[in-house]
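Enquirer: coords please:
(chains A, B, C and D)
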Protein chains: 2
Amino acid sequence: MKRSSRLSIALHALVHLHAQPGKSLTSANLATCLMTNAVVVRRVLGELREAGIVEASKGPNGGWSLMRPATDITLRDVYVAMGERLLRTESDPGDATCAIVRSVDRVMTEFLDDAEALLAARLARVRLSDIAANAMHAGFPRLD
Amino acid sequence: MKRSSRLSIALHALVHLHAQPGKSLTSANLATCLMTNAVVVRRVLGELREAGIVEASKGPNGGWSLMRPATDITLRDVYVAMGERLLRTESDPGDATCAIVRSVDRVMTEFLDDAEALLAARLARVRLSDIAANAMHAGFPRLD
DNA sequence: CAATATGTAACATTAAAAGTTACATGAAAC
DNA sequence: GTTTCATGTAACTTTTAATGTTACATATTG
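Expert: Numbering: from 1, shown residues only, chains lettered A, B, ... in the order given. All right, here's what the predicted structure looks like:
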């Protein structure tokens, strides 16, 4: 299958849970909609459970449900809960005996930290309810 | 070796070129400092050559050199030249028959485009000369 | 022509994410 | 209590993108 992402899977699952309030959806249900495997869903939602975003119940009629209203869940919450790294770029230590490489590495690291914080702040402005509400329209909350 | 990135390699190489004005460095030279392979260096710098950022000359005393002063090269230039994607996250189409998945995918895509543009704008503020100048100090140009 | 460096194709290696299988555990319905 | 259903999780395989490597053609300098 194609290369998607854990964050994307998490958001898909959360919107599905939000769209069916009261009902709890099983990993197998969600896996079908997300075109992935039930274990992958459990792994991702398991991290969100530890962060108190969702809860799971076992047995018949069990499954996953939101622990908070969608207005109280930001994309940053999800992002942090999953220990996800948004930036693809990593800094490379290179040859430690090369002074320039060491310096560039430090500068790169600072930049990446900055950018990461910047994106996290933007994510904090988008709530799960925003996504759900806007899902039916073309618009999307501007980031600037 | 560890998992670094093309952007990091490119910046390392460019700072080295900037630090040795007049001289042209070979792929093998740069590969030693960056602790990578000469072919990897050629691949990365080859893209910067097509973008007019560096030039290469063959034969004895050949190698790589900057085509513009470091004050005229921004990180965004490098980023765009390499067709690099800064964001690790990708949106997942999921099951196309599921309306929610389609909608979430559209929203995710819009968000990613937004974030990508945001980061590119930030990168445009940092020049190669800034990196070189600040490499010797603890400071780094703030992004906000 | 000899030496040197890029340009590039072809292939191997690596690492992270995703997919899969298997089974233990817990909760609800009867 | 037993059956059923669903999560929790370990262990393993598969996939994919990036990186590393080898080899050789090509161009340039002297």
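Enquirer: up against DNA strand D, what does chain A have?
Expert: A:1-3, A:25-28, A:38-39, A:42-43, A:45-46, A:49, A:56-64 (C-beta under 7 Å from any atom of the strand). For glycine as for every other residue, the C-beta is placed from the backbone atoms N, C-alpha and C.
Enquirer: and the next element down the chain from the lowest-mean-pLDDT helix or strand in chain A?
Expert: Sorting the helices and strands of chain A by mean pLDDT, DSSP states H and E puts helix A:99-124 at the bottom, at a mean of 79. Remark: after helix A:99-124, the chain's next helix or strand is helix A:128-134, criterion DSSP states H and E.
Enquirer: from chain A, which residue is nearest to DNA strand C?
Expert: A:Gly59 (2.8 Å; C-beta to the nearest atom of the strand).
Enquirer: buried ones in whichever strand or helix holds A:Leu30, by neighbour count?
Expert: According to DSSP H and E, A:Leu30 maps onto helix A:27-34. Residues of helix A:27-34 classed as buried: A:Ser27, A:Asn29, A:Leu30, A:Ala31, A:Cys33, A:Leu34 (neighbour count, 16 or more other C-beta atoms under 10 Å in any protein chain shown).
Enquirer: residues near the nearest residue to the first one once chain neighbours are set aside, how many?
Expert: What that stands for is A:Ser27. Of all residues not flanking A:Ser27 in the chain, A:Ala38 sits nearest, at 4.0 Å (C-beta to C-beta, 6 or more residues apart in numbering or on different chains). Residues lying near A:Ala38 (other C-beta atoms under 10 Å in any protein chain shown) number 15.
Enquirer: residue contacts, A:Ala38?
Expert: Applying C-beta atoms under 8 Å, 6 or more residues apart in numbering or on different chains, one finds that A:Ala38 lies in contact with A:Thr26, A:Ser27, A:Ala28, A:Leu30, A:Ala31.
Enquirer: can you tell me how far the residue of chain A closest to DNA strand C sits from A:Glu90?
Expert: Distance, A:Gly59 to A:Glu90, using C-beta to C-beta, to the nearest Å: 43 Å.
Enquirer: wait, A:Glu47 sits on A:Tyr79?
Expert: No. At 10.9 Å, A:Glu47 does not count as touching A:Tyr79 under the criterion of C-beta atoms under 8 Å.
Enquirer: circling back: who's more crowded, A:Gly59 and A:Glu90?
Expert: A:Glu90 (17 against 6).
Enquirer: quick one: the more buried one is in a strand?
Expert: No. The assignment for A:Glu90, made by DSSP: H, G, I helix; E, B strand; the rest coil, is coil rather than a strand.
Enquirer: what is the neighbour count of the closest residue to it other than its chain neighbours?
Expert: Distances taken as C-beta to C-beta, 6+ apart put B:Ser5 closest to A:Glu90, at 5.1 Å, once the chain neighbours are dropped. Neighbours of B:Ser5 under the rule other C-beta under 10 Å: 19.
Enquirer: B:Ser5: what's it in contact with?
Expert: Counted by C-beta under 8 Å, 6+ apart, B:Ser5 has contacts A:Arg88, A:Thr89, A:Glu90, A:Ser91, A:Asp92, B:Glu84.
Enquirer: and the fourth one, how far is that from B:Leu45?
Expert: Remark: distance between A:Ser91 and B:Leu45 (C-beta to C-beta) = 18 Å.
Enquirer: more neighbours: which of the two?
Expert: Taking other C-beta under 10 Å, A:Ser91 and B:Leu45 do not tie; B:Leu45 has more neighbours (24 against 20).
Enquirer: can the helix or strand where the more buried one lies be found next to DNA strand C?
Expert: Taking DSSP H and E as the criterion, B:Leu45 maps to helix B:38-50. Yes. In terms of C-beta under 7 Å from any atom of the strand, part of helix B:38-50 sits within range of DNA strand C, namely B:Ala38, B:Val39, B:Arg42, B:Arg43, B:Leu45, B:Gly46, B:Arg49.
Enquirer: which of those tops the neighbour count?
Expert: Result: B:Leu45 is most packed of these (other C-beta under 10 Å), 24 neighbours.
Enquirer: before we move on, back to that, which one of the residues of helix B:38-50 next to DNA strand C is nearest DNA strand D?
Expert: B:Val39 (3.6 Å).
Enquirer: confidence score at the residue nearest to the closest one when sequence neighbours are not counted?
Expert: Counting by C-beta to C-beta, 6+ apart, B:Ser27 is the residue found nearest to B:Val39 once chain neighbours are left out, at 7.5 Å. Looking at B:Ser27, its pLDDT is 96.
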